[in-house]
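Peer 1: I would like the atomic coordinates for the input below:
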Amino acid sequence: MAKHRSISRLATRRTQLIGLTAALAAAAGTTAVGLSSSAAGPAAAKESPGLSPSQADALTSARVERRDLGSRDATRIDLSLAATREAAAKKVAQQRAAKLAANATLTQRRALALAAAKAASAKKAADSAKALAAAKKAAIAKAAAIAKAAPKIVLPTTGYHLTARFNQAGGRWAHNHTGLDFAAPMGTPVRSVMAGEVIQADFEGAYGRQVKVRHADGTVTSYSHMEEFDVSVGDSVQAGTMVGRIGMTGNTTGPHVHFEVLPGGGAPIDPEPWLRKHGLNP
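Peer 2: The predicted structure is shown next:
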């Protein structure tokens, strides 16, 4: 009988130790057995012989809590990874937005610079055009002022004395004299009496070096016996423009300029009344 009670106490202690060990193992997470719900308590008791119902319930609760902890940890990990990915994506988006903004700013600056360059070029062209127009206007005004101030008609030379008149006869000419002879020292300037265009500058036999100028009304004036020419055919001259110098070329006995007036370029007329008609007294 004593031996039976001893065996019974040992079995009880063994059962308690097994239950305590199972409970500790479940609490520490060392058990590999998984349960789906607390309803598995009786089954756990059956699967773990020697556990009391309370110990089986504790074991089941520990297993369920362990499963819930693992699930929460996995969820936390998933949420952490999602947050990290979202942060990385947000950073990439911010960098891309910053790059696009920088490109837009650069494009805007280039557009502004191009517009400024075009405006400066247009202003420069406009200023140049204005300056050119102003210079042209000033030149026209100056020419008009000079033309207004310039004499309308002058005598063909200065420091002279008349040595022969129109229609004068003599042994020096084959026919009666056809103009006025203005005698002056060699090299004295010979001038166009009015504005016009040079239509001749050549050597003309007995007339020597001769220049002819056609004026606005069609009248032609002629200057002969000069030692040199200072104009060419096609030149425009004003009243007083030098056309040559007093000389002795052609048929002459002394330095002078033979001056003729030919209305319409035809036969010569007496230069004296023509000059007086224009306000000059030779």
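
Peer 1: so what's Arg110 up against?
Peer 2: By Cβ atoms under 8 Å, 6 or more residues apart in numbering, Arg110 lies in contact with nothing. For the C-beta atoms, the positions are set from N, CA and C on the backbone; glycine is no exception.

Peer 1: Tell me how far the host helix or strand of it lies from the chain's centre.
Peer 2: Using DSSP states H and E, Arg110 sits in helix 53-149. On the basis of Cα atoms, centre = their mean, to the nearest Å, helix 53-149 sits 28 Å off its chain's mean C-alpha point.

Peer 1: Low-confidence stretches in this protein?
Peer 2: Applying pLDDT under 70 to the chain picks out residues 1-50, 65, 68-72, 146-151, 170-174.

Peer 1: if you set the cut-off to 80 instead, what comes out?
Peer 2: Scanning the chain for pLDDT under 80 picks out 1-76, 78, 143-151, 169-175.

Peer 1: Secondary structure element for Val154, which one?
Peer 2: Per DSSP H and E, there is no helix or strand for Val154.

Peer 1: actually Leu275, sorry about that
Peer 2: Assigned by DSSP H and E, Leu275 belongs to helix 271-277.

Peer 1: what helices or strands is that helix leaning on?
Peer 2: Applying 3 or more Cβ pairs under 8 Å, 6 or more residues apart in numbering; DSSP states H and E, one finds that helix 271-277 makes contact with strand 256-262.

Peer 1: which SS class is Thr157?
Peer 2: Recorded secondary structure, Thr157: coil (DSSP: H, G, I helix; E, B strand; the rest coil).

Peer 1: how near is it to Val190?
Peer 2: 5 Å (Cβ to Cβ, to the nearest Å).

Peer 1: the more surrounded of those two?
Peer 2: Val190 (27 against 22; other Cβ atoms under 10 Å).

Peer 1: My reading is that the more buried one lies in a strand. Confirm?
Peer 2: Yes: assigned with three-state DSSP, Val190 falls within a strand.

Peer 1: That one pairs with what?
Peer 2: Counting by DSSP bridges, Val190 forms beta bridges with Gly244.

Peer 1: For it, give me its contacts.
Peer 2: Counted by Cβ under 8 Å, 6+ apart, Val190 has contacts Pro156, Thr157, Val211, Tyr223, Met226, Met242, Val243, Gly244, Arg245, Ile246, Val257.

Peer 1: Derive a PyMOL selection command for the buried subset of these.
Peer 2: In PyMOL syntax, the buried subset of those is picked out as below (16 or more other Cβ atoms under 10 Å):
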select buried, resi 156+157+211+223+226+243+244+245+246+257
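
Peer 1: Name the nearest of the contacts of Val190 relative to Ala134.
Peer 2: Proximity of the contacts of Val190 to Ala134 was ranked by Cβ to Cβ; the top entry is Met242 with 32.2 Å.

Peer 1: which residues touch that closest one?
Peer 2: If you count contacts by Cβ under 8 Å, 6+ apart, then Met242 has Pro189, Val190, Arg191, Asp230 around it.

Peer 1: Which two of those have the greatest separation?
Peer 2: Arg191 and Asp230 (9.9 Å).

Peer 1: Common neighbours of the two, please.
Peer 2: Common neighbours of Arg191 and Asp230 are listed as Met242, Val243 (criterion: Cβ under 8 Å, 6+ apart).

Peer 1: okay, the two: which has more neighbours?
Peer 2: Arg191 (22 against 18).

Peer 1: Quick one: residues contacting that one.
Peer 2: Val154, Leu155, Pro156, Thr157, Ala239, Gly240, Thr241, Met242, Val243.

Peer 1: got it, and Arg214?
Peer 2: Applying Cβ under 8 Å, 6+ apart, we find Arg214 in contact with Gly196, Glu197, Ile199, Val220, Gly265.
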